[in-house]
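In: model this:
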Amino acid sequence: MNRLAYLVLILLTSFALLSSQPRSAVEIKLMSFNIRHGLNNDDESNLRDILRIIKENDPDLVALQAVDSLMDKGKVQFQLRQIAAQTGMHYTYAAADTSESGTQGVGILSNWPFEKTQVIHLPNTPGADRKVLLCGLIKLSRGLTFRFCNSRLEYASVMDRALQAAYINQMLVNSVQPVLLGMDMGARPNEQPYFSFRRNWQDAAQGSQLQTWNEGLPGDRVDYIFALLNNKVRIKNYKVIRNYPDVSDHYPIQATIEFW
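Out: Prediction:
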């Protein structure tokens, strides 16, 4: 065997050995949390406690709902930017509603920069509060790009919640990238809005009876982390973070997602 043929054989053997090695999963920790407009259950600022929760649980991505950006004594108090500055995370924000004092909406924190962001306005009936879906495109590596999205559905109207849930599913279900979704749905798993996610989504808390708001009973899940069904995505674990019950009227939830 000449020298060139020998080198080619060595290279082919090396490639075959590399390709036969099992791939290791890439793990990502996601948190979703309705922060009650930056106020705890005594209507005092909860931002320090939110920071403590994020730092203790160390998520890679955070979906925050009921986030405000308000004018106070001539200065803008932008809650998401304050949290991002203290955690060192990238952020993106979508205002759902605007008033004289500022805006309220949803935000995303990420350990990685966003390739793109997108805001989709959700349908609503006349008189109902406006709601949005916020998505960030994240390129984690050459072979892994995914979307992380966040929304808070209309609380006061069952019809609006069902309409908005169906619309979100319609907007995301045909995504070419994997999709992860944090949401304050305001609906339990046995109610109509949830049904839009039963066929094409993995519910990180499937089967869990832990309530996600602090006045709820066992089984009262209204906050969710979903993953669009994809053979490259698996939900590894899920938890409800209940050791700070007075920070908000919702408990933060967290899941670990594996990409293969």
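In: Quick one: end-to-end length of stretch 82-96, please.
Out: End-to-end span of stretch 82-96 (C-alpha to C-alpha, to the nearest Å): 19 Å.
In: I'd like the average pLDDT over that stretch.
Out: Confidence over stretch 82-96 (mean pLDDT, whole number) is 97.
In: Give the buried residues for that stretch.
Out: Neighbour-count burial for stretch 82-96, with 16 or more other C-beta atoms under 10 Å as criterion, is recorded at 83-84, 87, 89-96. Backbone N, C-alpha and C define where each C-beta goes, glycine included.
In: So which of the residues you listed are in helices?
Out: Secondary structure from DSSP state H places 83-84, 87 of the buried residues of stretch 82-96 in helices.
In: Just the strands from the protein, written as ranges.
Out: Listed in chain order, the strands of the chain (DSSP state E) span 26-34, 61-72, 75-78, 90-99, 102-110, 116-121, 132-141, 144-152, 179-184, 201-203, 223-228, 233-240, 253-259.
In: can you give me the offset of the first one from its chain's centre?
Out: Pointing back at strand 26-34 there. 6 Å (C-alpha atoms, centre = their mean, to the nearest Å).
In: now the longest one
Out: Centroid displacement of strand 61-72 relative to its chain, using C-alpha atoms, centre = their mean, is 14 Å.
In: Given it, what are its sheet partners and their directions?
Out: strand 26-34 (parallel), strand 75-78 (antiparallel), strand 102-110 (antiparallel) (DSSP bridges).
In: What average pLDDT does the first one get?
Out: pLDDT averaged over strand 26-34 equals 97, rounded to a whole number.
In: How about the shortest one?
Out: When the per-residue pLDDT values of strand 75-78 are averaged, the result is 77.
In: what do you get for stretch 209-219?
Out: Mean predicted lDDT for stretch 209-219 stands at 91.
In: how about the CA coordinates for that stretch, as PDB?
Out: Listed next in PDB are the C-alpha coordinates belonging to stretch 209-219 (Å, rounded to 0.1, in the frame of the first residue of the first chain):
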ATOM      1  CA  GLN A 209     -50.300  18.400  40.200                       C
ATOM      2  CA  LEU A 210     -48.300  21.400  41.600                       C
ATOM      3  CA  GLN A 211     -50.200  24.600  41.300                       C
ATOM      4  CA  THR A 212     -48.300  27.600  39.800                       C
ATOM      5  CA  TRP A 213     -50.200  30.400  41.600                       C
ATOM      6  CA  ASN A 214     -50.200  30.800  45.300                       C
ATOM      7  CA  GLU A 215     -53.900  30.900  45.800                       C
ATOM      8  CA  GLY A 216     -54.500  27.800  43.700                       C
ATOM      9  CA  LEU A 217     -55.300  24.200  44.700                       C
ATOM     10  CA  PRO A 218     -53.400  21.100  43.600                       C
ATOM     11  CA  GLY A 219     -53.700  20.800  39.800                       C
END
